[in-house]
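In: Starting from these lines, generate the structure:
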Amino acid sequence: MGSGRVETLKVKKVRGFGFSWKEFVYHLPNFLRSSLIGTGIGILPGIGGSTSGMLAYVTAKNMSKHSEEFGKGCPDGIVATESANNATIGGAMIPLLVLGIPGDGVTAMMLGGFLIHGLSAGPLLFVKMRM
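Out: The predicted structure is shown next:
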């Protein structure tokens with residue numbers, strides 16, 4: 001057990017989003033590349049966000065000038081995995097709305113919600129509605 005003492009840590013005040021405009025512009029190519037990877041993986045039904053995150057991380061690490069910092073909290077790796085993971089959800093919506101095939105668990109629940117409300121997902125989603 002501890003000594004019962006409470007230590008106070010100094011916290012640097014965060015202004016804005018917590019990063020500068022220069023950092024935002026620096027991470028933009030990595031963000032866009034990883035988002036495209038995530039969308040591409042999301043379009044393929046059943047693969048999921050973990051695969052897109054790992055693929056984007058490895059791609060960012062291979063394209064980085066300082067790949068030895070990856071695995072230690074390097075912002076490049078965090079940007080890559082998170083943007084790919086978030087883009088996977090949007091990619092999974094494409095086969096749901098176009099073909100009526102759910103790409104992951106979230107879109108499967110959306111398909112169920114569509115069916116409950118009388119909508120049949122697929123190419124005729126906005127043309128044919130059951131009443």
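In: okay, which residue is most central for this protein?
Out: Closest to where the C-alpha atoms of the chain average out (CA atoms, centre = their mean) is Asn86, at 1.7 Å.
In: Now that one, what are its backbone angles?
Out: As for Asn86, its main-chain torsions (degrees, to the nearest 10) stand at phi -70, psi -30.
In: Quick check: which element contains the residue lying closest to it once chain neighbours are set aside?
Out: Among residues not flanking Asn86 along the chain, Gly38 sits closest, at 6.8 Å (CB to CB, 6 or more residues apart in numbering). Any C-beta I mention is one placed from the backbone N, CA and C, and that applies to glycine too. Using DSSP states H and E, the element containing Gly38 is helix 21-43.
In: buried set for that helix?
Out: Neighbour-count burial for helix 21-43, counted by 16 or more other CB atoms under 10 Å, picks out 27, 30-31, 33-35, 37-43.
In: mind listing the helices in the chain by residue range?
Out: 21-43, 49-63, 75-99, 105-116 (DSSP state H).
In: What angle do helix 105-116 and the helix holding Gly38 make with each other?
Out: With axes from the mean of the first three to the mean of the last three CA atoms, to 10 degrees defining the directions, helix 21-43 sits at 60 degrees from helix 105-116.
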